[in-house]
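[1] Below are the sequence and a predicted model; questions follow.
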Amino acid sequence: MVLSVQALDSGYRQTTVLKDINFEMKAGEIVGLIGLNGAGKSTLLKTILGLITPQKGQITIDGKSILDDHSQYAKHLAYIPETPVLYDELTLKDHLEMTALGYDIPMDEVMRRAEPLLKQFRLDKHLNWFPAYFSKGMKQKVMIICAFVTDADVLIIDEPFLGLDPLAMRHFTDLIRERAAAGSAILFTTHVLTIAESLCDYYLMLQAGELVATGDLESLQTQFNLPQADLETIYFAMTQTGGVASE
Ligand SMILES: Nc1ncnc2c1ncn2[C@@H]1O[C@H](COP(=O)(O)OP(=O)(O)OP(=O)(O)O)[C@@H](O)[C@H]1O
């Protein structure tokens, strides 16, 4: 099991947002974390990343928790946040260099891995540009490239498709599939359910901080008693019933 989340409660100061979250991810799995605004998706991703300390329960990657070795734990993870976070005073190449340092990968190896991605995302001529000159989508692409040049075996991606043009979106979904085929586990949130449906092996359906259903589409169809339904139909049913359909 690459990622294991057990009996997790998490949130902010006095507030508990996530209640009793349990799931596991194997190498090569693509998992969609699906739920309404405010359901707790980002809170879950940030807790896995170690940016929020769990109130209860435990998270392990390859059997180790963040408490065992913080820096080793962090090297197993790469994160693409919802809003690109770039340093104003660093160029695109500097950001790649920072990634190389952070993950202990030689810079020439990072550049070798980055080259096809830079070309694909049409940023190969912009290595010396500063973020101020990038569009929102270009900034998002920098975050994607920095995450995909690492050796991380768990990729955490928060609403990755907003701001990308259709061509970039296609390249990005291909990259996600390739990376999973190479053995990484990929957990992402999205409100774009058609893309989730085309990419995910299974789904975590989060409603008001609780996992109300998990499984692949077929299993969700059974749980919600909606044979043949697509993910969007199941999602609407979830928001109306607050969970799986009663018998
Ligand atoms: N820094 C914070 N301090 C206190 N409460 C917060 C904080 N960030 C989020 N929350 C609360 O936690 C709950 C879950 O928020 P979260 O951002 O995890 O939702 P989400 O599912 O990612 O939503 P969205 O789809 O809008 O991104 C919400 O009720 C929100 O108000």
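    Now that the structure is in, tell me what you want to look at. Please read these numbers as outputs of a predicted model, since none were measured by experiment.

[2] can you list contacts of the helix or strand bottoming out on mean pLDDT in the chain?
    One helix or strand of the chain scores below all others by mean pLDDT, DSSP states H and E: helix 70-75, with a mean of 88. By CB atoms under 8 Å, 6 or more residues apart in numbering, the surrounding residues in contact with helix 70-75 are 50, 61, 64-66, 103-104, 150-152. For every residue, glycine as well, the C-beta is placed using N, CA and C.

[3] of the residues you listed, buried ones?
    50, 61, 66, 103, 150, 152 (16 or more other CB atoms under 10 Å).

[4] Count the residues that sit near Thr47.
    Around Thr47 there are 25 other residues, counting by other CB atoms under 10 Å.

[5] Specify the beta-bridge partners of the spatially closest residue to it that is not a sequence neighbour.
    Nearest residue to Thr47, sequence neighbours excluded (CB to CB, 6 or more residues apart in numbering): Ser10, at 4.2 Å. For Ser10, the beta-bridge partners under DSSP bridges are Leu18.

[6] need the contact list for Ser10.
    Contacts of Ser10 (CB under 8 Å, 6+ apart): 16-18, 21, 43-44, 47, 52-57.

[7] Can you tell me which of those residues lies closest to the ligand?
    Thr43 (3.4 Å; CB to the nearest ligand atom).

[8] Next, the closest one: phi, psi?
    phi -60, psi -40 (degrees, to the nearest 10).

[9] you'd agree Thr233 is in a helix?
    Yes: counting by DSSP: H, G, I helix; E, B strand; the rest coil, Thr233 is found in a helix.

[10] Now for the nearest residue to it once chain neighbours are set aside, how many residues are close by?
    Spatial nearest neighbour of Thr233, chain neighbours left out: Leu226 (6.1 Å); criterion: CB to CB, 6+ apart. Using other CB under 10 Å as the criterion, Leu226 is surrounded by 15 other residues.

[11] Leu226 reaches Glu232, doesn't it?
    No: the criterion here is CB atoms under 8 Å, and Leu226 misses it with Glu232 at 11.0 Å.

[12] What parts of the chain come near the ligand?
    Residues of the chain found near the ligand (CB under 6 Å from any ligand atom) are 12, 15, 17, 35, 37-43.

[13] how about a cut-off of 8 Å?
    With CB under 8 Å from any ligand atom as the criterion, the chain meets the ligand at residues 11-13, 15, 17, 35-46, 82, 158-159, 189, 191, 206, 209.

[14] and these, which are buried?
    For the residues of the chain next to the ligand, buried by 16+ other CB under 10 Å: 11, 17, 35, 39-46, 82, 158-159, 189, 206, 209.

[15] Tell me which of the buried ones among the contacts of helix 70-75 fall in strands.
    Counted as lying in strands by DSSP state E, out of these, are Ile61.

[16] Go through the buried ones among the contacts of helix 70-75 and say which is closest to Arg122.
    Among the buried ones among the contacts of helix 70-75, Thr150 lies closest to Arg122 (CB to CB), at 21.5 Å.

[17] Rounded mean pLDDT for the top helix by length along the chain, please.
    In the chain, with assignment by DSSP state H, the single longest helix is helix 166-181. Average pLDDT, helix 166-181: 93.

[18] May I have the residues that are in contact with Gly184?
    That one is not Gly; residue 184 is Ser. 27-28, 152-155.

[19] Please produce a ChimeraX select command covering the buried subset of the residues you listed.
    If you want just the buried ones from these in ChimeraX, going by 16+ other CB under 10 Å, the selection is:
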select :28,152,153,154,155
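
[20] Of all pairs in the contacts of Ser184, which one is the farthest apart?
    Pairwise distances across those (CB to CB) peak at 13.8 Å, for the pair Gly28 and Ala152.

[21] circling back: strands paired with the next helix or strand after the least confident helix or strand of the chain, and their directions?
    Counting by DSSP states H and E, the element after helix 70-75 in chain order, helix or strand, is strand 77-80. In the sheet, strand 77-80 lines up against strand 154-158 (parallel) (DSSP bridges).
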